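Below is the structure, and that's it, no one-letter string:
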């Protein structure tokens, strides 16, 4: 959840480096089952392999990197040179130092600095992929939407919608929590923030999914061209909304960008980039943490029992689930000059991936980090919202939505039981769920 947009930081994927051919057993193109992390040569571990996340195997690989090679080097024909930071302190050091480690070349793994984009690929720009002062000015233009006063006004609406969705759930029947609850609640919230036509709100879900999807047969998208075409449809739709809000402004995000001094003259690709930032930030992160909270409390039933007995622990549980789930697995920076980090020589223009998912499992900071502990004393020190100038703009909104969800869940249900292991997002960036079958038992 990160501006990290409304609930998370994000820009747009310029390239699927995960498709690069690596020589070792951890290469993304490998067929057959993934090997155990201990059986892979250290230099062949490719952290951006999306199978590590879709098959829920990332934990063991990152645990090995934290222990043996916390500043880990890879080089591919597509992305060039990039480094993976897997320990908490190294990640925080880079995240808080925008002068030495820039966001201006993108916040996901992409092409080497200065490389030409392939023909037909959109050159999208967004304020999270900028440094101060431009970043600060464009962020400020929309930050009011999630200011404390606005959140106070939205709380009753969020609660009413949450109650409506939960009251409609079937009892004793298996249903998909992702589709029925997580997507529906976050998409309704997004539609409100944009003042987006409510009957078209699932378009926002689709555009969010398309933005970071890895092209593959039968996947969310099958080609890069399909992504481009659908995102241009998004731009066309929001261009119409912008024209309307120029004449009849409101308090929504489109109006704020249309009239903001630093955003009103954005180019089409800058406008699209900021829209996608806000859509992904308000959708993917909160939605996947909502699903992750159900998964986590099924995996640690003692914690659910503790929570049900003491609902005052909900705020602490929310922080812990955000740490444990880490809905955006990493963020990228680019070195502004040669620098030493963790004993390794980083070259100017090298890409640096800050693996929040790994830092949130760092044994040096979090005791028994793979366990869910809803009373963890330092849960709020998690990395999921980022640090520094790019700290998640919508973190309070995300926490509010999760808190209300669980306040209302505990009032209605004795059990929310997972019926099978979830299906997960094929991505090394979005650490999420595509399907989570559950049954609920209402209180008598």
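Received the coordinates, thanks. Computed from a predicted structure; not experimentally measured.

Name all residues that make contact with residue 327.
1, 8, 284, 285, 286, 288, 289, 292, 384, 430, 431, 432 (CB atoms under 8 Å, 6 or more residues apart in numbering). To be clear about C-beta, it is placed using only N, CA and C from the backbone, and glycine gets the same treatment.

how does it look with 10 Å?
Shown in contact with residue 327 (CB atoms under 10 Å, 6 or more residues apart in numbering): 1-2, 7-8, 284-292, 321, 356-357, 384, 398, 425, 430-433.

contacting residues around residue 58?
Residue 58 is in contact with 37, 47, 49-52, 326, 329, 355, 357-358, 361, 428, 431, counting by CB under 10 Å, 6+ apart.

From the residues you listed, which land in helices?
Those of the contacts of residue 58 mapping onto helices are 51, 52, 357, 358, per DSSP state H.

still on that earlier bit, going by distance to residue 197, which of the contacts of residue 58 wins?
Nearest to residue 197 among these, counting by CB to CB, is residue 431 at 30.3 Å.

Now the phi/psi pair for that closest one, please.
phi -90, psi 90 (degrees, to the nearest 10).

surely it meets residue 330?
Yes: when contacts are counted by CB atoms under 10 Å, residue 431 is listed as touching residue 330 (9.1 Å).

For the residue sitting nearest the centre point of the chain, list each beta-bridge partner.
Residue closest to the mean C-alpha point of the chain, counted by CA atoms, centre = their mean, is residue 328 at 3.2 Å. Counting by DSSP bridges, residue 328 is bridged to residue 430.

picking that back up, identify the contacts common to residue 431 and residue 330.
Common neighbours of residue 431 and residue 330, using CB under 10 Å, 6+ apart, are 356, 357.

how far does the host helix or strand of residue 93 sit from the chain's center?
Assigned by DSSP states H and E, residue 93 belongs to helix 88-95. For helix 88-95, the separation from the chain centroid amounts to 18 Å (computed by CA atoms, centre = their mean, to the nearest Å).

List the buried residues in it.
Within helix 88-95, the residues scored as buried using 16 or more other CB atoms under 10 Å are 88, 90, 91, 92, 93, 94, 95.

which residues touch the nearest residue to the second one once chain neighbours are set aside?
So the one you mean is residue 90. Leaving aside its sequence neighbours, residue 90 sits nearest to residue 342 (CB to CB, 6 or more residues apart in numbering; 5.6 Å). Residue 342 makes contacts with 69, 70, 71, 72, 83, 85, 86, 87, 89, 90, 93, as judged by CB under 10 Å, 6+ apart.

ok, so of these, who is nearest residue 275?
residue 85 (29.4 Å).

For that closest one, give me its contacts.
Shown in contact with residue 85 (CB under 10 Å, 6+ apart): 47, 65-66, 70-72, 91-95, 330, 333, 341-342, 344, 352-356, 358-359.
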